[in-house]
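Peer 1: Sequence and predicted structure are below.
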Amino acid sequence: MEGFPVDGLTTEQRQLDQHDESSRRSASGLLAILLRPVAAPHAVRRWAVASLVANIVIVVTGALVRLTASGLGCPTWPRCTDQSYVSHPELGVHGAIEFGNRLLTFVLVVVAVLTWVSALLYRDGGRPRRDLRWLTAGLALGIPAQAVIGGITVLTQLNPFVVALHLLTSMVLIALSVWLVRRTRDLRAQPVGGPAVLAARVAFVLMWLTVWLGTVVTGSGPHAGDHGAVRTGFDGVLVTHLHAAAVYGTVGATLVAVGLLRSRAAVLLLAVELLQAVLGVTQYHLGLPVGLVILHLLGASLAVAASTNLFLSVTPRQRPELSRGNGSAAAGRGSEAA
């Protein structure tokens, strides 16, 4: 019996087991490295910010497509031409710009999926966060929906109302991204008085009205996305004045919110609005130069983000008498039950 293995395994079997264990450890280590970008403790915070930035960037690149008259640079969808999914030299610079913008959609999909995976893996005190999972899933599903709407804009030869829907969908995704950023950082709404809550909500609603009217102005103006694209047929001067009136209302509601809240969220929104107003007036009087229009669309994205942030930063304060009333009612029910 001398020299017989105590565990009943031969030297060869023991070496094979050691090799298998080493392989499992290597695989686990490689998986941990691959998952680190989405599984790190605060990874979901970074991916939330990445989603916000990516959705703002796609608005700017989409504006570049329209302002360079490249909206039909790829004349069909989902292919770029009837024979190819990619652009070719015959389509010129317009084809390259439009195809490049389409490629950015895949970047957004990757960011959205990684954000969703990060939310799936995130644990708060050992428990999953369902709110983050739902928000990130909504963002991930919103990107393909946005791509389909973009395809419809091409198939309808840049119908201005479909183009407006395309932009507004991007703004919704920006608002959802802001909500996600706040949730990942546990930024809670602060209880405030009714007038302050009303001011924040009115500013939020008027901001969306302003953005929508901005799309109507664009659909009635010279930057159609292609030289042969149809326009809305509305009076450009009239819709511009309506847009300006909505801007005044939004700024007024924001000023009230700043006075009542004196919060960073309100001041940030006011600063973005004033910058937007300056850009809007300047571009109008200079004949809508491409550079200023792009900056104005960037400002619109930031304004939607800032107004969403303000909207989510406040909640109605519970009235003391209501709290006492609820307590008394509960005590009364307890006495009756006794």
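Peer 2: Done, it's in. Quantities reported herein were computed from a predicted structural model and do not represent experimental measurements. Residues are numbered from 1 along each chain as shown.
Peer 1: next one: stretch 93-108 to chain centre, how far?
Peer 2: Relative to the chain's own centre, stretch 93-108 is displaced by 19 Å; criterion: CA atoms, centre = their mean, to the nearest Å.
Peer 1: What residues sit buried inside it?
Peer 2: Residues of stretch 93-108 classed as buried by neighbour count (16 or more other CB atoms under 10 Å): 94-99, 101-102, 105, 108. (Each C-beta comes from the backbone N, C-alpha and C, glycine too.)
Peer 1: got it, and stretch 44-57?
Peer 2: Applying 16+ other CB under 10 Å to stretch 44-57 flags 44-45, 47-52, 54-56 as buried.
Peer 1: Now, those that are in helices?
Peer 2: Among the buried residues of stretch 44-57, the residues falling in helices (DSSP state H) are 44-45, 47-52, 54-56.
Peer 1: Let me have the residues you listed in TSV, extended by distance to Q146 and pLDDT.
Peer 2: Formatted as TSV, those follow (distance: CB to CB, whole Å; pLDDT from 0 to 100):
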residue	distance to Q146	pLDDT
V44	22	92
R45	24	93
W47	18	94
A48	18	96
V49	19	96
A50	17	96
S51	13	96
L52	15	97
A54	12	95
N55	9	96
I56	13	96
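Peer 1: In helices only, show me the buried residues of stretch 93-108.
Peer 2: 94-99, 101-102, 105, 108.
Peer 1: how about these in a markdown table, adding distance to H296?
Peer 2: Listed next are those as a markdown table, based on distance: CB to CB, whole Å:
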| residue | distance to H296 |
| --- | --- |
| H94 | 22 |
| G95 | 26 |
| A96 | 24 |
| I97 | 19 |
| E98 | 21 |
| F99 | 25 |
| N101 | 18 |
| R102 | 23 |
| T105 | 23 |
| L108 | 22 |
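Peer 1: which residues does A112 contact?
Peer 2: If you count contacts by CB atoms under 8 Å, 6 or more residues apart in numbering, A112 has them with 51, 54, 136, 139-140, 142-143.
Peer 1: Let's see if you can find the most crowded of the residues you listed.
Peer 2: Highest neighbour count within the contacts of A112: T136, with 30 neighbours (other CB atoms under 10 Å).
Peer 1: Tell me the pLDDT of that one.
Peer 2: You'll see T136 listed with a pLDDT of 95.
Peer 1: G233 too?
Peer 2: So G233 comes in at 83 (pLDDT).
Peer 1: and the residue nearest to it when sequence neighbours are not counted, how many neighbours?
Peer 2: Take G233 and drop its neighbours on the chain: the residue closest to it by CB to CB, 6 or more residues apart in numbering is S220, 7.6 Å away. Neighbourhood size, S220 [other CB under 10 Å]: 19.
Peer 1: again with T315
Peer 2: T315: 13 neighbours (other CB under 10 Å).
Peer 1: Need phi/psi at it.
Peer 2: When quoted as degrees, to the nearest 10, the phi and psi of T315 stand at phi -150, psi 150.
Peer 1: That one pairs with what?
Peer 2: Beta-bridge partners of T315, counted by DSSP bridges, are P191.
Peer 1: list the contacts for it?
Peer 2: 189-192, 197.
Peer 1: in this protein, which helix or strand is least confident?
Peer 2: Ranking every helix and strand in the chain by mean pLDDT, DSSP states H and E puts helix 320-337 at the bottom, with a mean of 48.
Peer 1: same for the helix or strand A137 falls within, what does it pack against?
Peer 2: Assigned by DSSP states H and E, A137 falls within helix 130-155. Applying 3 or more CB pairs under 8 Å, 6 or more residues apart in numbering; DSSP states H and E, one finds that helix 130-155 contacts helix 43-67, helix 92-121, helix 160-184.
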